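# Got a predicted structure here, sequence first:
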Amino acid sequence: MPPDSPDTGGESRKSPAKQIVNIKFGPAMNPDAARSQLHRLASNLDTPFRVDLSRCVRFDSVALLRLLAVIAVRGEHGLETRFRLPGNAAARQFLRRRGFDKAVERVLDVPFRALVDGKWFSNQDAASAELKAFENANSAIQAYLDSRNFFDFFCYDVSGKRDRVLLIEQEWLRWRNPLITQVLRDRLSEQHAHDVSRVVIQEMFTSLLGFVSGGDVVCVTQMDEAGSYPSAGFLTIAAWHAPYRAGGALFDLLMATIAEPSRAKEFNIAFVKARPPRSRSELWSDFVGKHRKGGHIKAEDVEDETSDVAVGKSQTEGFEALYRFVVDEFSGSIDFWSGTRFAQVSKNLHGESHYRVEVSDKDLVRDTGTIIAVRLPLSR
Amino acid sequence: MSVRLVYPRVVALGKPSHEPVDSSRDQLNEWLIATLTGQEATTVPYDRTIYLTSDELVDEPESLEKWLRHSRVDSANSGSSLVLDLADNSYDLLREPVLYAVSTFAVKWISGGSGRTAAIILPNLPAPNASIFWLPLKAGDSSRISVLALDGEAWREGRRDSADARIASTYSEKRSESLLDRDSRTTVEGRIVKELGHFPVAGSSGEFCARYFFDGSLAINEIARLLTNKLKELGFDEQPIVLLTHGAHSDWLHEAGLLAGAKLASKAPAYNVTEIERVADLVRPGQLAVPIFDVVNSGSTCSLIVRRLQESGVPLAATVLTVMMDRRCGLVELPSGVSLEDLLEVSSKKVEREKCVQCQLGLPFTPPLTADYKCRPYDMWQIFLSVDWPPEDFGPAGVRPYAEAPHMGQAFTEFGDWLAYKVFVLLRREQLHGEIVFVCPAEVHIDKLMACLSRRLLNRVAVVRIPRECIQDLQKCSTTGEEVGWKSQLKHVAAASRRAIIMIDEFNGSGTTARAMLDILKMYDIAPDLYVPILDRKPEMGHSFSVDVRSLYEIPSPRIQ
């Protein structure tokens, strides 16, 4: 077992020049709460860090996915990132049972145990949750799905020519399981539960993988009860695709989709601490031009950002179906981190437009691939 | 009144090739169009499905429009009707861009003639406010387009249409009568796979061996439905209960129990108590526990478990359920006050251990759902000895037919699902994933196995049936000339990028049929991945084929040339 050490560990002991910097995460680790730590991890690519999860009590899987993306980039730069596990038994069990350790091993190709300073998992952390009396049929089903690894981190290699299609089929198959469909019927939509596998899963992965082959995909599902922590009460389905330097593609898909004249009027676009990009899409250029005249977008603000992938008709149709189902049918939202931007598509609560797209660079972390996260609110 | 021409197009998604469309659908389509338009209708036949491969489904769903145009529907006159039938596909497979392509095509098509009408048949109606399927219909003139779903819903002119909904319900009934009843395995009994083997069964009255293991994993929804109905019939719909499922190797039972509980008004939780000791802790005050078993033979295990539950203070309902019951075993007495009800009757052929022939022969026990694709001689011979042995009725020319051969049609009727499971295990072992193309002689026996395989592989297969006269005369197989269905299928298969091609036959006798099929495939530039004779009667010649051979069973018994 690696030695327990407060702020230094592993190689740093032998070499004072490689002093490890401890980055502590708070009790509830979600993308907002973890933003500054992740930014620090990603933007100091010459500093050895230890991800200190010792105070963590609850995890949002999207934050863990972002952490994976960041440590993977650090790995690409030959930098080790060490870990300290949560002191809280339930939090430790969450990481172990959902296979976060395996996902780290997969992206770094290093045994997770070799990266952990301080206490290692206990035997209880790996054990299945103790069988207890369930509130109702749904909690029994969710526990069963959990025991069958439904909510684990899944890693896919998509470097082969058809791995992309296989991944989409695999995930589609996983989500057409009658048990998860039953839970969704009760807690999401009696009539349209099937649309999660039919639309959300297929279009989410098609959008994520539509442009770039290669790399790995890690995906995860979380379903926590409302009130258990601030961002709970949602079904969260998230995936990270890691061709690191092609991360702007999903953002371009969003731009191309909403710039389509038939759709443009439905959107209220807010650039928060971000400059609107000049996209390769002609439609988007027109769109920017019109808005510039109207004073919404200033010419000097338009950032020149191009990539070499064309957006196809069926991709924009698929993406349109995704946001229509997520926002209109299930009252949820889509978040994504793509290239240097964070964007969120949700219902526009003020004004005439139907949807709101908020774009920001507040989470600016270059070259960490693309993460898409769909959050669907659950009823009790 | 003039006769309306009907152009039916059946769309199949996630398939490696098109497949023939049964002409029995024509009558149904004619009825539908006549009912919708009030005009007599007659079909302009189209004998094959319009398909999208899995790759196209992901990368080019919009190409469906191109394929529909390619199917010669544009030449239809003004008084014609188009039937776009997507209802054979699982609803989950209907990607939104595919639905968008369908409605876009229908709108464009009816605009080609003022008297043209179209009917789109779907498994379900997509969400009215979210699905992009509706956008072209709402944007253009769609007054002559009816959208009907098999669940009895219908849409016309921007809203649900009650008149069309009545037509949709009747259509749905007629369709299941004409299309589904031909496959007896749409029933729950038909979806439970009877696995042959040598299975130990423990009971309070001694040790037993069972001949069959019943796998319900293909029938979870159906079993859950039966359980829910039974529980409601017993008055448990709103009563606070918990379901206790018990069945080693039967994950399907617990899954069906979980689903059944969720469908009750009380939302009863289910627990798998097969290996749980402190069950009483799981039952809350005021709740009753309903034990559910997978298969009850003599009832000794059932009785033992019920007694244990009673002794440990679990408040039991007066009725215990079992999904399957073998009444031939003679039921032992259950503890007083408890009765047993079953959903399905089966025969597991359970015998006392000392009377078990397999034990006497020293045959080891077989694990349920084994990952070994080879069939045991004991099992195969049971199948062979349970069917007739008529003179061989199909076979290659130039070789003398077997004077007696097991009737494989009967074998596939009774054990097709188990043999299909074995082929499925083989394909997994050989890492043949994705879309599967089976190439076989066009014969009725092997067709029965194909139906089982198709079901096992979620209907994502295509079967190319080569007529016997073509296998016997390769000159009839030329890649040029008349474009008959199977030839066109092979051309598509040759062009497809992702598929595994399996040559399959009920048995290999002299290798003549296999060689001919290989030659035919070669004409179309197709190299199969595997040749699977269910029974190989000439195994020594396997190495002489230009393809790997994997049979489920071998009996060296060459034909006389």
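Alright, I've got the coordinates.

# The stretch 151-300 of chain A: strands as residue ranges?
A:154-157, A:216-223, A:234-241, A:267-272, A:277-278 (DSSP state E, counting those that start in this stretch).

# Equivalent analysis for the stretch 301-450 of chain B, please.
Along the stretch 301-450 of chain B, counting by DSSP E, counting those that start in this stretch, strands occupy B:319-325, B:339-345, B:351-352, B:436-441.

# So for the last one, mean pLDDT?
Taken as a whole, strand B:436-441 has an average pLDDT of 94.

# Direction included, what does that strand pair up with?
According to DSSP bridges, strand B:436-441 forms sheet pairs with strand B:461-466 (parallel), strand B:500-508 (parallel).

# what are the C-alpha coordinates of the longest one, in CSV please?
The reference is to strand B:500-508. Provided in CSV are the C-alpha atoms of strand B:500-508 (Å, rounded to 0.1, in the frame of the first residue of the first chain):
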residue,chain,number,x,y,z
ALA,B,500,-21.0,-11.7,-40.7
ILE,B,501,-22.1,-14.3,-43.2
ILE,B,502,-23.0,-17.7,-41.9
MET,B,503,-23.8,-20.5,-44.3
ILE,B,504,-26.2,-22.8,-42.4
ASP,B,505,-28.0,-26.1,-43.2
GLU,B,506,-29.8,-28.8,-41.3
PHE,B,507,-27.1,-31.2,-42.1
ASN,B,508,-24.0,-31.9,-44.2
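
# picking that back up, nearest to residue A:214, of the strands paired with strand B:436-441?
Across the strands paired with strand B:436-441, residue A:214 has its closest neighbour in strand B:500-508 (24.1 Å, CB to CB). (Glycine included, C-beta is placed from N, CA and C.)

# Next SSE downstream of that closest one?
Of the helices and strands lying after strand B:500-508 in sequence (DSSP states H and E), the nearest is helix B:512-523.

# what does that following helix contact?
Here helix B:512-523 makes contact (CB atoms under 8 Å, 6 or more residues apart in numbering or on different chains) with B:395-396, B:398-399, B:439, B:441, B:466, B:470-472, B:474, B:477-479, B:490, B:501, B:503, B:505, B:508, B:527-528, B:531, B:533, B:545-547.

# Relative to the whole chain's centre, how far out is that helix?
Centroid separation for helix B:512-523 versus its chain: 28 Å, with CA atoms, centre = their mean, to the nearest Å.

# related to what we said a few turns ago, tabulate the strands of the stretch 301-450 of chain B (TSV), appending mean neighbour count and distance to residue A:379.
Below are these laid out as TSV (neighbours: other CB atoms under 10 Å in any protein chain shown; distance: least, CB to CB, whole Å):
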stretch	mean neighbour count	distance to residue A:379
strand B:319-325	24	31
strand B:339-345	15	32
strand B:351-352	16	53
strand B:436-441	23	40
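
# give me the residue from the stretch 251-380 of chain A nearest chain B.
Per CB to the nearest CB, residue A:321 is where the stretch 251-380 of chain A lies closest to chain B, at 3.4 Å.

# For residue B:83, which residues count as its bridge partners?
Under DSSP bridges, the beta-bridge partners of residue B:83 are residue B:8, residue B:119.

# ok, which residues in the stretch 251-380 of chain A are in contact with chain B?
Counting by CB under 8 Å from any CB of the partner chain, the stretch 251-380 of chain A comes close to chain B at A:313, A:314, A:317, A:318, A:320, A:321, A:324, A:325, A:328, A:329.

# Could you report the neighbour count for the first one?
By other CB atoms under 10 Å in any protein chain shown, 15 other residues sit near residue A:313.
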